[in-house]
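Student: Okay, here's the prediction I keep looking at, along with the sequence it came from:
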Amino acid sequence: MEQSGIILAAMATPPLAQSATTTASWYDRPMRWAQLTLVEDDPGKYDPAFWLDYFRRTHSDAACLSAGGCVAYYPTKIPLHYRSKYLGDRDSFGELVTGCRKLGMNVIARTDPHAAHQDVYDAHPDWIAVDAQGNKRKHWADPELWVTCALGPYNFDFMTGVTREIVSMYQVDGIFSNRWAGSGMCYCEHCRANFKTFSSLELPRTTNPQDPARKQYIVWHQQRLFELWRLWDAEIKKVNPNASYIANAGGGALSDLDMKTIGELAPILFADRQARHGVMPPWSNGKNGKEYGSTMGRKPIGGIFSVGVEEQYRWKDSVQTADEIRMWVADGIAHNLRPWFTKFNGKIADPRWLKVVEDLYGWHYKNDRYLRNEKSLARVAMIYSQQTAAFYGGDQARAKVEDHALGFYQALVEARVPFDMVHDRTLEAEHISRYRTLILPNIAALSTEQCSQLKAFVEGGGGLIATHETSLYDEWGVRRSDFGLAGLFGASFDGKIDTNVHNSYLNIEKDPDSGRFHPLVHGLEDANRIINAVNWVHVKPTAESRYSPLTLVPSYPDLPMEEVFPRIPRTNTPGVFAREVGRGRVVYFPFDLDRTFWEVLAADHGQLLRNAVAWASNEEQPLVVTGRGVIDVSLWMQKSSMTAHLVNLTNPMMMKGPVREIIPVPAQQVRIRIPDGRRVAGMRFLVNAKTPAYRQAANVLSVDVPTIELHEVIALDFA
């Protein structure tokens, strides 16, 4: 390799002056981000002055700009680093960097190493990804390009040189890499050899996470990517100690890289869920923010949103409806994402999005100090588990893991409960003690230590809600003989799981001693019976259990219609275990209530999930919003204020975009619990910009919020 020569050549290039805003702690400064992703023919054809003026008008205080990788937009000296054939003697990247610095903006450089041109293939065919059949991989969208291997010399050697050259020449504040982690499994010579050294095994040919080679591959793949992350970060810091490598990585349970490690490595992250597609609800953007926040703590998180349509057909020059953009961004802001707009192609074909983003950013800039959140005040948290997704879910993780979380999430949004997300590797007491209730939506794979942490949480006074196979497997996805949390559930695994259950029901039962219904079935007292879920774990009570608010009506024929009647109309099989354990409360549903709710959205299932949170918490939520409509809520503390966000998601297009128009909701009644030791000096609405009248009794403040169009923020200033 000619790596040392590459680095020396890069170092010989006179560097640009470093931005005055660049310090070791610059990461928390920017509140509004702009990304301009150039296409190859942009140099000489697009207007950089327009973009710099737009950055100024939107009060953007940081930018992510295309630099190199697949295409270089600056005069690179690195052999095989493909320069845009439209670049000529220009430096498109450098021009934008200089302009942004004059605006006082932080700048990070975007690289994309996932594809390479023919000359790279000719010189280093071993850098190219190989499929399971042994074929070098052509790019799926552009057959003139080749797909690179993320885990071999192309990234570890070649892109290390590119990264160092960019930082040396421009003293950027960081490198942000897109598609740096690969494009599916690679069977190239380097991957085969490196994996064999790591595991003594051949690369797996199965996606079964219980296959020994597949299990080792999951561990090795992640380890290799973190090794690359640390390499690039170290090389960047040798040139600019105040800069970092910022991976486009992370997310929820389905993410390939451990979020806890990411939270430790990254000084800042960007949540790359750019827009809705399919039947994705608008609260998905807020969910993304919560998942990142679970391990990032107070570190800043940018919420990347595209102004274009994000469907599978990849209309990258498209434009979303204005209200679709507004709803997506508002929900992200409500859950602590700092907005980051991204535009692909510097030549604007459809300008309708420009004013939308300018208005959003203008409001955000005006209310900047109320959006610098220091901590969430939610008392409920939902756990998500990457180990459950990887080793229990495997290639079915979306259905077996994520759909449970989505169902419970939807129920919490409908119930207007402020809540956080918690990563299952952060269950230490110091992290979860601030919560009253933890929710485990089929968190099937838990270690013995994690089970012990959850037991201690409940015994200390916490509430816990679990569904389906939670804790039935260890952290590697190996089934236990019994639940790891059997002692909390008051139930033991009885050796059988029914799947795809049809035409089964749940009876609503009174307590035979008191003659009253349990709070878990509040609102369902007149139903007699409701529909069951689809998958059922057979369990047997292990603690004295004289009463269950729900009992099973077993499946019976659903055709012919003359035969549709229950053969066994009543059983003693519990449909829920609701217990007080220590000073806490536990609710366990042995069936996939949350997943089935996500699939069919039966109101009765949502009511059960809502009631479970209310009973397990045994306290009023710190933010209570009453009124009509679907409102996503959050509650935040800033340095000298607190804010309650109310995002109106009431819309016939809520589950299938794009939104055509925002439909206002009527007045809402709001109760906010003031933290101990704080005194409210005043209140304001940040959207309608009025100072409302409010009432206070002890530490609870009440206010009526007039009609909400899309988003209202109640800001309380502390004395």
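Tutor: Sure thing, it's come through. All values derive from a computational prediction rather than experimental measurement.
Student: in this protein, which helix has the most residues?
Tutor: In the chain, assigned by DSSP state H, the helix with the most residues is helix 212-239.
Student: Give me the mean pLDDT for that one.
Tutor: For helix 212-239, mean pLDDT is 98.
Student: packing partners for it?
Tutor: Here helix 212-239 touches helix 159-170, strand 174-177, helix 189-199, strand 244-247, helix 259-265, going by 3 or more Cβ pairs under 8 Å, 6 or more residues apart in numbering; DSSP states H and E. From N, CA and C alone the C-beta is placed, and that goes for glycine too.
Student: can you give me phi and psi for the residue nearest the centre of the chain?
Tutor: A centroid search over the chain (Cα atoms, centre = their mean) returns residue 288, at 2.5 Å, as the residue closest to the centre. With angles defined as degrees, to the nearest 10, residue 288 sits at phi -60, psi -40.
Student: starting at the chain centroid, how far to the helix or strand harbouring residue 407?
Tutor: Using DSSP states H and E, residue 407 falls within helix 403-415. Counting by Cα atoms, centre = their mean, to the nearest Å, helix 403-415 is centred 14 Å from the centre of its parent chain.
Student: can you list contacts of it?
Tutor: For helix 403-415, contacts defined as Cβ atoms under 8 Å, 6 or more residues apart in numbering pick out 252-253, 281, 283, 287, 380, 382, 384, 419, 439, 441-442, 467-468, 592-599, 601, 605-606, 609-610, 613, 630, 632, 649.
Student: Please pick the buried ones from those residues.
Tutor: For these, a neighbour count by 16 or more other Cβ atoms under 10 Å gives the buried set as 252-253, 281, 283, 287, 380, 382, 384, 419, 439, 441-442, 467-468, 592-599, 605-606, 609-610, 613, 630, 632, 649.
Student: Could you list which of those belong to helices?
Tutor: Using DSSP H, the buried ones among the contacts of helix 403-415 in helices are 287, 593-599, 605-606, 609-610, 613.
Student: All the helices of the stretch 251-400 of the chain, residue numbers only.
Tutor: Listed in chain order, the helices of the stretch 251-400 of the chain (DSSP state H, counting those that start in this stretch) span 259-265, 284-296, 322-334, 353-366, 386-387, 397.
Student: now do the stretch 401-550 of the chain
Tutor: 403-415, 429-432, 448-459, 486-489.
Student: And for the stretch 601-719 of the chain?
Tutor: Listed in chain order, the helices of the stretch 601-719 of the chain (DSSP H, counting those that start in this stretch) span 603-617.
Student: which stretches of it have low pLDDT?
Tutor: Along the stretch 601-719 of the chain, segments meeting pLDDT under 70 are nowhere present.
Student: hmm, who's touching stretch 644-652?
Tutor: Residues from elsewhere that reach stretch 644-652 (Cβ under 8 Å, 6+ apart): 281-283, 286, 327, 330-331, 333-335, 413, 623, 625, 628-636, 659, 662-665, 668, 670, 672, 705, 708-714, 716.
Student: residue with max distance from the center of the chain?
Tutor: residue 562 (48.1 Å).
Student: and residue 554, which of the helices of the stretch 401-550 of the chain is closest to it?
Tutor: Closest approach to residue 554 among those is made by helix 486-489 (21.4 Å; Cβ to Cβ).
Student: Checking the residue farthest from the centre of the chain next. Helix, strand or coil?
Tutor: helix (DSSP: H, G, I helix; E, B strand; the rest coil).
Student: so how far is residue 555 from it?
Tutor: Distance, residue 562 to residue 555, using Cβ to Cβ, to the nearest Å: 17 Å.
Student: what does residue 415 give?
Tutor: 29 Å.
Student: Residue 116 too?
Tutor: Distance from residue 116 to residue 555, by Cβ to Cβ: 56 Å.
Student: quick one, which of the two is more surrounded?
Tutor: residue 116 (25 against 18; other Cβ atoms under 10 Å).
Student: hang on, isn't the more buried one packed against residue 70?
Tutor: Yes: counting by Cβ atoms under 8 Å, residue 116 touches residue 70, with 6.9 Å between them.
Student: Pull up the overlap in contacts between these two.
Tutor: In contact with both residue 116 and residue 70: 82, 145, using Cβ under 8 Å, 6+ apart.
Student: picking that back up, among the contacts of stretch 644-652, which are in strands?
Tutor: Secondary structure defined by DSSP state E assigns 623, 625, 631-636, 668, 670, 672, 705, 711-714, 716 of these to strands.
Student: The helices of the stretch 401-550 of the chain: which one's closest to residue 344?
Tutor: With respect to residue 344, and counting by Cβ to Cβ, the nearest of the helices of the stretch 401-550 of the chain is helix 403-415 at 28.3 Å.
Student: got the angle between that closest one and helix 322-334?
Tutor: Between helix 403-415 and helix 322-334, the angle formed by their directions is 90 degrees, by axes from the mean of the first three to the mean of the last three Cα atoms, to 10 degrees.
Student: Nearest to residue 34, out of the helices and strands packed on helix 212-239?
Tutor: Ranking these by proximity to residue 34 (Cβ to Cβ) places strand 174-177 first, at 12.7 Å.
Student: Okay, now the sheet partners of that closest one, with direction.
Tutor: Looking at strand 174-177 with DSSP bridges, its partner strands are strand 106-112 (parallel), strand 244-247 (parallel).
Student: Residue 272: which of the helices of the stretch 251-400 of the chain is closest?
Tutor: Using Cβ to Cβ, the helices of the stretch 251-400 of the chain put helix 284-296 closest to residue 272, at 8.6 Å.
Student: Select the helix or strand of the chain having the lowest average pLDDT value.
Tutor: Least confident helix or strand, the chain: helix 3-11 with a mean of 32, by mean pLDDT, DSSP states H and E.
Student: Quick one: low-confidence residue ranges for this protein.
Tutor: 1-22.
Student: Can you get me a residue count around the closest residue to residue 220 other than its chain neighbours?
Tutor: When the adjacent residues along the chain are set aside, residue 220 lies closest to residue 198, with 4.8 Å between them (Cβ to Cβ, 6 or more residues apart in numbering). Burial of residue 198 is recorded as 15 neighbouring residues (other Cβ under 10 Å).
Student: Pretty sure residue 198 sits against residue 222.
Tutor: No: Residue 198 is beyond contact range of residue 222, at 11.5 Å (criterion: Cβ under 8 Å).
Student: I'd like the distance between residue 153 and residue 575.
Tutor: According to Cβ to Cβ, residue 153 and residue 575 sit 57 Å apart.
Student: I should have written residue 239 there, sorry.
Tutor: 62 Å.
Student: Settle it for me: which of these two has more neighbours?
Tutor: For residue 239 versus residue 575, the count of surrounding residues by other Cβ under 10 Å is larger for residue 575: 26 against 20.
Student: Run through the residues that contact the more buried one.
Tutor: 506-507, 532, 548-552, 589-591.
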